[in-house]
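S.K.: here is the input, now give the coordinates:
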Amino acid sequence: MTSNLDSPKLIVFRFYFLSALDDLRNHLENADNLVEMKFLLLEQKYLEHLSRGNSIDALKVSCHFIVQYYVMENIEKDFLKL
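M.R.: Model (predicted):
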C-alpha cells in the first residue's frame, strides 16, 4: 500500500514546485528582475480589477505603480550624479 506522499501526482507537483522556487530565487538575486516581477504582479492585479469591473481599484493600482516607477527613476538619476 502506498502512502499519499508517494503518489505520482504529488511527486510531479513537488518537482514543479521546487523548480519554481529555484527560478524565483534566481530572479530575486537580480535587482532588475525584481522590478520586472513587481511590474508583472501589479499588471496582473490591474487586469483582474478591470475584468471584475472595478475601474477605481484598477486606477489605484496603476497610479501606485506609476508613483513607484517615478520614484525609482529619480533615485537612480540622483545616484548616478554622485
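S.K.: and the helices in this structure?
M.R.: 8-28, 31-51, 55-81 (DSSP state H).
S.K.: now those as CSV including mean pLDDT and mean neighbour count?
M.R.: Just so you know, the C-beta spots here come from the backbone N, C-alpha and C atoms, and that holds for glycine as well. As requested, those are exported to CSV (pLDDT from 0 to 100; neighbours: other C-beta atoms under 10 Å):
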stretch, mean pLDDT, mean neighbour count
helix 8-28, 81, 10
helix 31-51, 82, 13
helix 55-81, 76, 12
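S.K.: ok, residue 21 - contacts?
M.R.: For residue 21, the contact set (C-beta atoms under 8 Å, 6 or more residues apart in numbering) is empty.
S.K.: repeat for residue 68
M.R.: By C-beta under 8 Å, 6+ apart, residue 68 lies in contact with residue 38.
S.K.: swap in 10 Å and give it another go.
M.R.: Counting by C-beta atoms under 10 Å, 6 or more residues apart in numbering, residue 68 touches 35, 38-39, 42.
S.K.: residue 46 too?
M.R.: 54, 57-62, 64-65.
S.K.: try 7 Å this time
M.R.: Neighbouring residues of residue 46 by C-beta atoms under 7 Å, 6 or more residues apart in numbering: 58, 61-62.
S.K.: can you put those residues in a markdown table and add distance to residue 46?
M.R.: Shown next, in a markdown table, are the contacts of residue 46 (distance: C-beta to C-beta, whole Å):
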| residue | distance to residue 46 |
| --- | --- |
| 58 | 5 |
| 61 | 4 |
| 62 | 6 |
